[in-house]
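Asks: what's the 3D shape of this:
(one chain, ligands or ions: 2)
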Amino acid sequence: MIDLACVTKKFGNLVAVDNITLNIAAGEIFGFIGPNGAGKSTTMKILACLLRPDAGTAEIDGLDVTEDGDAIRQRLGYMPDVLGVYQDLTVEEYLHFFAAAYRLPRKKRRSTIDGVLELTDLTEKKRAMVESLSRGMQQRLGIARVLVHDPKVLLLDEPASGLDPRARIEIRELLAELGRMGKCIMISSHILSELAQLCTSIGIIERGKLMYAGDIESAYRKIGVGKTIAICLEEPDEDINRAFQMLKGHPRIARAEIVGDRIDIELVPDQQGAHFVIELLVGRGIHIASFSPRKPRLEDAFLSLTRGQVQ
Ligand SMILES: Nc1ncnc2c1ncn2[C@@H]1O[C@H](COP(=O)(O)OP(=O)(O)O)[C@@H](O)[C@H]1O
Ligand SMILES: [Mg+2]
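Replies: Ligands and ions are numbered 1, 2, ... in the order given. Below you'll find the predicted structure:
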């Protein structure tokens, strides 16, 4: 659905997007991750037909961005990183404006807009003024706006940025729902952990270069981040230091850390289980209250990849 082949974009001497090749299939939710200034927005603007690449080709659903802008706009919902808020409009009027801009037949507009309001959980706000909405609601309205013409492909530039945790969860649920509807979604973010649970694949970009693209599990494997486990003890006051000493020196444990009443460990990446940790502790008479394996943190994957440790 989204195809970039050797795409480069320069601003003067600055190479904002450097020879990026990337394919995203229908039904995928692709997390486009990178620090500020990495080239995420520029890449998305190229896909949205707003900037021309200096080299390479960019296609949406097989259509070239430099030639088929009109056809692409029918298939594409692009939400920029800044929401152009139109003052003095209600939520409903705002969506009617975009429905008209997309030339939706007049008769279909009301039912379409009601559907989109329902999906983005804004039905109760339809008569509220756009500028009165919270940031989280404005972001959902931004997504609602790019859904009115039922596009196959969504490009969402930092939809979760600046939101409080609750609003972020609401956005995440909405994106998951759109994913289930079969849309191909590209979301950019520097809030890495937000994307981990949601995305089917990720790309990591730094200084215009795509450092990694693929599924999250492979990213972890590639950089050798092992499984992490949080261990809580029945008697932390008595046992935590002793347990920590045992775990810290173990050859299959890469890292151990006391975090309050808990010990977090990271295993050396391998195919074996984590059962030895329980045996080790129980064997020394230490009682375990809980033992919860976690996925490695995406931040760790990101940091190692962008430090250029892995090629
Ligand atoms: N219109 C522009 N003119 C000049 N430089 C730009 C322009 N747009 C972006 N840049 C530069 O290109 C680089 C990538 O920017 P951008 O794509 O916005 O990054 P991101 O979205 O990952 O934060 C940055 O160094 C930015 O300053
Ligand atoms: Mg940006």
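Asks: so L141 makes contact with L133?
Replies: Yes. In this structure, L141 is within contact of L133 by C-beta atoms under 8 Å, at 6.4 Å. For glycine as for every other residue, the C-beta is placed from the backbone atoms N, C-alpha and C.
Asks: between these two, which one's more packed in?
Replies: More crowded of L141 and L133, by other C-beta atoms under 10 Å: L141, with 22 against 19.
Asks: now for that one: which residues touch it?
Replies: For L141, the contact set (C-beta atoms under 8 Å, 6 or more residues apart in numbering) comprises 83, 91, 94-95, 120, 122, 130, 133.
Asks: any idea how far it is from ligand 2?
Replies: 20 Å (C-beta to the ion, to the nearest Å).
Asks: how would you label that residue: helix, strand or coil?
Replies: Put simply, L141 is helix when judged by DSSP: H, G, I helix; E, B strand; the rest coil.
Asks: pull out the buried positions in whichever helix or strand R168 is part of.
Replies: Following DSSP states H and E, one finds R168 within helix 165-180. Buried residues in helix 165-180, counted by 16 or more other C-beta atoms under 10 Å: 167-168, 170-172, 174-175, 178-179.
Asks: quick one: the helices in the stretch 101-250 of the chain?
Replies: Along the stretch 101-250 of the chain, counting by DSSP state H, counting those that start in this stretch, helices occupy 106-119, 135-145, 165-180, 192-196, 216-223, 236-248.
Asks: near ligand 2, which residues of this protein show up?
Replies: Proximity of the chain to ligand 2, by C-beta under 5 Å from the ion, involves residues 40-41, 81.
Asks: now a ChimeraX select for only the buried ones of those.
Replies: Buried residues among the residues of the chain next to ligand 2 (16+ other C-beta under 10 Å), as a ChimeraX selection:
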select :40,41
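Asks: check the residues of the chain next to ligand 2 against ligand 1, which are close?
Replies: Among those, the ones lying near ligand 1 by C-beta under 6 Å from any ligand atom are 40-41.
Asks: least confident of the residues of the chain next to ligand 2?
Replies: Ranked by pLDDT, the residues of the chain next to ligand 2 bottom out at D81 (86).
Asks: before we move on, back to that, name the residues contacting each of L141 and L133.
Replies: Common contact partners of L141 and L133 (C-beta under 8 Å, 6+ apart): V91.
Asks: which one of the contacts of L141 is nearest ligand 2?
Replies: Of all these, L83 has the smallest distance to ligand 2: 13.4 Å, by C-beta to the ion.
Asks: contact partners for that closest one?
Replies: 138-139, 141-142.
Asks: so which residue is smack in the middle of the protein?
Replies: In the chain, the centroid-proximal residue (C-alpha atoms, centre = their mean) is L195; its distance is 3.3 Å.
Asks: quick one: it and I187 touch, right?
Replies: Yes. Between L195 and I187 there is a contact under C-beta under 8 Å: 6.7 Å.
Asks: who are the contact partners of V153?
Replies: By C-beta under 8 Å, 6+ apart, the neighbours of V153 are 1-2, 60-61, 75-77, 183-186.
Asks: and the pLDDT for it?
Replies: According to the prediction, V153 has pLDDT 96.
Asks: give me the distance between it and K40.
Replies: Distance of V153 to K40, given as C-beta to C-beta, to the nearest Å: 16 Å.
Asks: and G203, by the same measure?
Replies: Going from G203 to K40 by C-beta to C-beta gives 9 Å.
Asks: what sits in contact with each of these two?
Replies: Both G203 and K40 are in contact with F32, where contact means C-beta under 8 Å, 6+ apart.
Asks: just to revisit the earlier point, overlap in contacts, L195 and I187.
Replies: G31.
Asks: and whichever residue of the chain sits closest to ligand 2, what element?
Replies: Ligand 2 sits closest to S41 of the chain, with a gap of 3.2 Å, by C-beta to the ion. Using DSSP H and E, S41 falls within helix 40-47.
Asks: the helix or strand just after that helix - contacts with which helices or strands?
Replies: Counting by DSSP H and E, the next helix or strand C-terminal to helix 40-47 is strand 55-60. Counting contacts by 3 or more C-beta pairs under 8 Å, 6 or more residues apart in numbering; DSSP states H and E, strand 55-60 packs against strand 2-11, strand 14-24, helix 40-47.
Asks: the same query, at a cut-off of 6 Å, please.
Replies: strand 2-11 (3 or more C-beta pairs under 6 Å, 6 or more residues apart in numbering; DSSP states H and E).
Asks: list the strands paired with the strand it packs on, with their directions.
Replies: strand 14-24 (antiparallel), strand 55-60 (antiparallel) (DSSP bridges).
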